[in-house]
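> my questions concern the predicted model and sequence given below.
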Amino acid sequence: MKMILDTSGVSKNFKSVEALRDVSISIAPGERVALLGHNGAGKTTLLRIVLGFLRMDEGTVEINGHAPGSAAARRLVSYLPESVAFPKMLTGREIVSYYAKLKGVAKDEVMPTLEKVDLVDAADRRCGTYSKGMRQRLGLAQALVGQPQLLLLDEPTTGLDPVSRQRFYTLLSDIADKGTAVLLSSHGLSELEAKTDRVAILRDGRLVADAPLPELQLAAKLPIRIRIQSTTEDVEQVHNRFGGKRINGAAVEFVCAQPEKMERLSAISELGGAVTDVDVSSPSLDEVYRYFSLRDEQKGADK
Ligand SMILES: Nc1ncnc2c1ncn2[C@@H]1O[C@H](COP(=O)(O)OP(=O)(O)OP(=O)(O)O)[C@@H](O)[C@H]1O
Ligand SMILES: [Mg+2]
């Protein structure tokens, strides 16, 4: 499939700081990719290179075959920067209209875009009176107008409450379903679970992971947690059978490796009435993220 974004061997130094080192990442139309990494890992630098705001030292970047910053690339890409600031005196409608005009988009797209981010009621209020979350949503509206093919969002959920965050991810799925690719950076690791197709992790400018979350979970070989809810009479028997730790009197929790999961579950079902409920938790994105960060640290220490 033709990629909307193709970066290969991208490196960028700021004097002595190695911000990016040999980063290769591709995104297909309609794909949602989360770009994770600690502060200073190189996320914003990568986005700015794709936008053509910064020049890379080495490597290649193509947006549907076009050079970053070229007129053809600019038509395809939209950006929500890390910190959005709009002139306080302008209303939400005026701001989105301005961006629509810049992109050559018809005026009648403005209100539907504001509707997508739930700002219709505040459309004619000056954005200086908006809350932080409203300003963030206005930033998103500005990026969405004109139906871009590639959306670059730098920490888009900062300042959003849990309900707005949920809405934001629903909106993102709708956009991706229509073929727009999304690359979004985030620190909110656990909020991303099942909401992106792939997770890319940058560490000190290097890409240390790039795969769908289930693949990363498998590759990390992190244990699975199983919690068995039993009865007070039977909990001892369950504990003797599986080990682990006892929780709240009538529950037992233990960990097992991914390949052993099914075997354990069938052993649990053999206990019949002694088991009243079973909870199986796969490693969270936070745990997977920690694993990849740590693994790289260990690699560095081995050198
Ligand atoms: N214009 C610049 N001049 C000098 N150094 C820079 C510049 N921009 C970024 N850097 C450095 O490059 C590295 C990567 O920065 P970048 O902003 O890409 O990180 P980030 O992953 O976006 O971090 P954060 O999560 O804090 O936003 C950092 O060490 C930063 O100090
Ligand atoms: Mg950043």
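Happy to help now that I have it. Ligands and ions are numbered 1, 2, ... in the order given.

> in the stretch 151-300 of the chain, where is pLDDT below threshold?
Within the stretch 151-300 of the chain, the ranges that satisfy pLDDT under 70 run 188-189, 193, 294-300.

> can you give me the domain assignment for this structure?
5-216, 223-282 (automatic domain parsing).

> out of the ones you listed, which gets nearest to R290?
Of all the domains of the chain, it is domain 5-216 that lies closest to R290, at 8.9 Å by C-beta to C-beta. Bear in mind the C-beta positions are built from the backbone N, C-alpha and C, glycine included.

> end to end on that closest one, go ahead and measure it.
End-to-end distance for domain 5-216, by C-alpha to C-alpha, to the nearest Å: 22 Å.

> chain center to it: distance?
Averaging C-alpha positions (C-alpha atoms, centre = their mean, to the nearest Å) puts domain 5-216 10 Å from its chain's average.

> same check on stretch 282-290?
Between the centre of stretch 282-290 and the centre of its chain there are 13 Å (C-alpha atoms, centre = their mean).

> repeat for stretch 206-221
The answer for stretch 206-221 is 13 Å, by C-alpha atoms, centre = their mean.

> near ligand 1 at all, it?
No - judged by C-beta under 6 Å from any ligand atom, stretch 206-221 stays clear of ligand 1, getting no closer than 11.7 Å.

> and that stretch, what's buried?
Using 16 or more other C-beta atoms under 10 Å as the test for burial, stretch 206-221 gives R206, L207, V208, A209, D210, L213, L216, Q217, L218, A220.

> kindly report the same for stretch 254-265.
So, applying 16+ other C-beta under 10 Å, buried residues of stretch 254-265: F254, C256, R264.

> any idea whether the last one is helix, strand or coil?
In terms of secondary structure, R264 is helix; the call rests on DSSP: H, G, I helix; E, B strand; the rest coil.

> adjust the sequence numbering to begin at 6 for everything that follows.
All set: I'll call the first residue 6, so the last point we hit is now R269.

> what about it, distance to I233?
To I233, R269 is 10 Å away according to C-beta to C-beta, to the nearest Å.

> which residues are common contacts for those two?
Taking C-beta atoms under 8 Å, 6 or more residues apart in numbering as the contact criterion, the residues that touch both R269 and I233 are F247.

> can you tell me which of the buried residues of stretch 211-226 are in strands?
Among the buried residues of stretch 211-226, the members found in strands (DSSP state E) are R211, L212, V213, A214, D215.

> with adjacent residues omitted, what lies nearest to the second one?
Right, the one you point to is L212. Closest residue to L212 apart from its sequence neighbours, by C-beta to C-beta, 6 or more residues apart in numbering: V28 at 5.0 Å.

> backbone dihedrals for the one you found, please?
phi -90, psi 120 (degrees, to the nearest 10).

> surely it touches G14?
Yes - contact criterion C-beta atoms under 8 Å: V28 and G14 qualify, at 7.5 Å.

> please identify which of those two sits among more neighbours.
Between V28 and G14, counting by other C-beta atoms under 10 Å, V28 is the more crowded of the two (25 against 14).

> so what's the more buried one up against?
Contacts of V28 by C-beta under 8 Å, 6+ apart are T12, G14, V15, S16, G47, L51, G64, L207, G210, R211, L212.

> pLDDT score for it?
V28 is assigned 98 on the pLDDT scale.

> the residue positioned nearest the centre of the chain bridge partners, please.
Central residue of the chain (C-alpha atoms, centre = their mean): A39, 3.1 Å from the mean position. Counting by DSSP bridges, A39 forms beta bridges with L189, V204.

> quick one: it from I30, how far?
From A39 to I30 the distance is 12 Å (C-beta to C-beta).

> sorry, back to before: dump the ones in strands among the buried residues of stretch 211-226 to CSV, plus distance to ligand 2.
CSV is the format used below for those (distance: C-beta to the ion, whole Å):
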residue, distance to ligand 2
R211, 16
L212, 16
V213, 17
A214, 18
D215, 18
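
> let me see the ranges of the strands in the chain.
Residue ranges of the strands in the chain, as given by DSSP E, are 10-19, 22-32, 37-41, 63-68, 82-85, 155-159, 186-191, 203-208, 211-216, 229-235, 250-252, 256-261, 280-286.

> can you add distance to C132 and give these back as TSV?
As requested, the strands of the chain are arranged in TSV below (distance: least, C-beta to C-beta, whole Å):
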stretch	distance to C132
strand 10-19	30
strand 22-32	31
strand 37-41	27
strand 63-68	29
strand 82-85	15
strand 155-159	19
strand 186-191	22
strand 203-208	32
strand 211-216	36
strand 229-235	45
strand 250-252	49
strand 256-261	49
strand 280-286	42
